[in-house]
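Q: Fold the following and give me the result.
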Amino acid sequence: MSDDLKDRVRMFFDEIVSAGRMDGLEALFHEDAVMHSPMGELHGLEQIGALGLTFKAALPDGRIHVEEIAVEGDVLAYRVVGEGTHEGEFAGVPGTGRHVHWSNNDLARLRDGKIVEMWGGPDMFAILTQIGAIPQPAAAG
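A: Got it, this is the predicted structure:
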């Protein structure tokens, strides 16, 4: 099951989130899954899918690449990196045309080989800083 699960995680980011297609979420998530993220707590496939569509609208050329995946018992952990051009509204900030990159480190609890609860999400501080919503930190020295 571990290799199948890893394939489904890669599919989620490659074919669903990066491509802006929300059909297929049920291959990785239970219908009653809960996602705890910087964007709030999401319940069920509809809300999780809506977050993916928000990502795609804000970063139409956005791509997310899975760097690492680990599975042990009913725990799944993965690290991804993403990049894209901020063209649409994100977190209340209109498109800036700026290229952004970020990472996610997510931890999930599994039931029957699917995510039932997940913690993590994108590095919002990095994204918001890059699109100008948060001032750049002053250089040291």
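
Q: Now do stretch 104-123: distance from first to last residue.
A: 6 Å (C-alpha to C-alpha, to the nearest Å).

Q: quick one: buried residues of stretch 69-86?
A: Within stretch 69-86, the residues that count as buried by 16 or more other C-beta atoms under 10 Å are Ile69, Val71, Leu76, Tyr78, Val80, Gly82, Gly84, Thr85, His86. Glycine gets a C-beta too; all of them are placed from N, C-alpha and C.

Q: Going by distance to Gly20, which of those residues wins?
A: Gly84 (11.2 Å; C-beta to C-beta).

Q: residues in contact with the closest one?
A: By C-beta atoms under 8 Å, 6 or more residues apart in numbering, Gly84 lies in contact with Leu59, Pro60, Asp61, Gly62, Arg63, His99, Val100.

Q: what are the ranges of the helices in the chain?
A: 2-11, 44-58, 124-130 (DSSP state H).
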